[in-house]
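Peer 1: Generate a structure from the sequence data that follows.
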Amino acid sequence: MFAFTSNKYFSRYRLAGVTPNILICVVATYGFMKGRRHGILIGFFTGLLLDIFSGTLFGFYALVYMYIGLLNGLFKKQFFGDDLRLPMILIGTSDFVYGVFSFLALYAFKSQRDFVFI
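Peer 2: A predicted model of the protein is given here:
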């Protein structure tokens with residue numbers, strides 16, 4: 001289902017069987033480097049492409065990626081190019097938010113409520 005995001009193209013970069021979600025990294029990076037407006041636009045169009053190619057709920061990924069871009073855009077003033085802590089924390093938090101929203105929308109509404117297992 002998520003072959004478009006990273007598994008197909010970045011399968012050789014596995015670490016403990018996990019491939020990176022490059023789209024989250026791109027949206028988060030544009031958000032905290034360029035600001036809210038760019039984060040929202042890149043997030044919306046990235047999510048829209050993901051919806052077109054592999055989405056089950058049309059518009060869901062566009063909404064999630066748009067909010068991720070917006071939230072990362074709020075940290076533009078705190079971003080400095082030589083400090084790597086903020087980008088790593090923001091990308092990790094964005095991936096966590098993406099995972100929670102995906103779980104809630106795609107699994108919890110289908111009465112599969114084992115959050116700890118997922």
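Peer 1: lowest-pLDDT helix or strand in this structure?
Peer 2: helix 85-106 (a mean of 87; mean pLDDT, DSSP states H and E).
Peer 1: Excluding chain neighbours, what is closest to Ala62?
Peer 2: Excluding its sequence neighbours, the residue lying closest to Ala62 (CB to CB, 6 or more residues apart in numbering) is Gly47, at 3.5 Å. Yep, even glycine has a C-beta here, placed from its N, CA and C like the rest.
Peer 1: Could you say which helix or strand holds the one you found?
Peer 2: According to DSSP states H and E, Gly47 maps onto helix 36-54.
Peer 1: and the next helix or strand after that helix, what's its mean pLDDT?
Peer 2: Scanning forward in sequence from helix 36-54 by DSSP H and E, the next helix or strand is helix 60-73. What helix 60-73 shows for mean pLDDT is 92.
Peer 1: and the residue nearest the centre of the chain, what is it in contact with?
Peer 2: Closest residue to the average C-alpha location of the chain: Ile24 at 3.2 Å, with CA atoms, centre = their mean. Counting by CB atoms under 8 Å, 6 or more residues apart in numbering, Ile24 touches 65, 68, 91, 94-95, 98.
Peer 1: Widest-spaced pair of those residues?
Peer 2: Tyr65 and Ile91 (13.2 Å; CB to CB).
Peer 1: ok, the two, which is more surrounded?
Peer 2: Tyr65 (31 against 22; other CB atoms under 10 Å).
Peer 1: The more buried one - nearest residue in space that isn't next to it in sequence?
Peer 2: Gly47 (3.4 Å).
Peer 1: Met66: how many residues sit nearby?
Peer 2: Residues near Met66, counting by other CB under 10 Å: 22.
Peer 1: Double-check it against His38; I have them as touching.
Peer 2: No - the pair Met66 and His38 fails to qualify as a contact (CB atoms under 8 Å) at a distance of 11.7 Å.
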